[in-house]
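Visitor: return a 3D structure for these sequence lines:
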Amino acid sequence: MELLIEPIAWLIVLLLSILGVVGNLALYRIGKGGEEVIRERFPQIKPEQWQRVKRLFDEHGTLALLLSGVPVLGSLLTTAAGAFDVRLFPFVLFVFVAKLVRNWLIVVVPLEIYRLIVR
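Guide: As a prediction, the model looks like this:
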């Protein structure tokens, strides 16, 4: 459990999370162009996928962005957030939290397991 309070591990997690948010801001900006721009830029997004994401936002609002740490789904959610006019502050907040959790699971948990095994 020492790693859970290790400053360097948390610094790595924070930096990765900030970089993740910056990357998703680019997708958010593309989404601001609207559905037509999204379809032109990402023709691989199927209409049924877009409808599912729209339904997710309709049912859960900006809280849906807490799933943005999930690969592939996160890209679709953050692009859709721009198209659905999600305000910037909630976007950044929820995407940052999602990235923080994901990066913590990717960085800190495996390192802690490694430390327990090596001891």
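Visitor: ramachandran angles for A64?
Guide: Main-chain dihedrals, A64, degrees, to the nearest 10: phi -60, psi -30.
Visitor: and the pLDDT for it?
Guide: Per-residue pLDDT puts A64 at 97.
Visitor: now do E2
Guide: pLDDT, read off for E2, is 63.
Visitor: how about P7?
Guide: For P7, pLDDT reads 82.
Visitor: OK, contacts around it?
Guide: Going by Cβ atoms under 8 Å, 6 or more residues apart in numbering, P7 touches no other residue. Any C-beta I mention is one placed from the backbone N, CA and C, and that applies to glycine too.
Visitor: measure it to L100 for me?
Guide: P7 is 15 Å from L100, where distance means Cβ to Cβ, to the nearest Å.
Visitor: contacting residues for the one residue sitting closest to the centre of the chain?
Guide: What sits nearest the mean C-alpha location of the chain, by Cα atoms, centre = their mean, is S68, with 3.0 Å. Residues near S68 by Cβ under 8 Å, 6+ apart: 24, 74, 77-78, 94-95, 98-99.
Visitor: and the nearest residue to L14 once chain neighbours are set aside, what element?
Guide: Counting by Cβ to Cβ, 6 or more residues apart in numbering, L14 lies nearest to L100, which is 7.5 Å off, once chain neighbours are set aside. For L100, the host element (DSSP states H and E) is helix 88-118.
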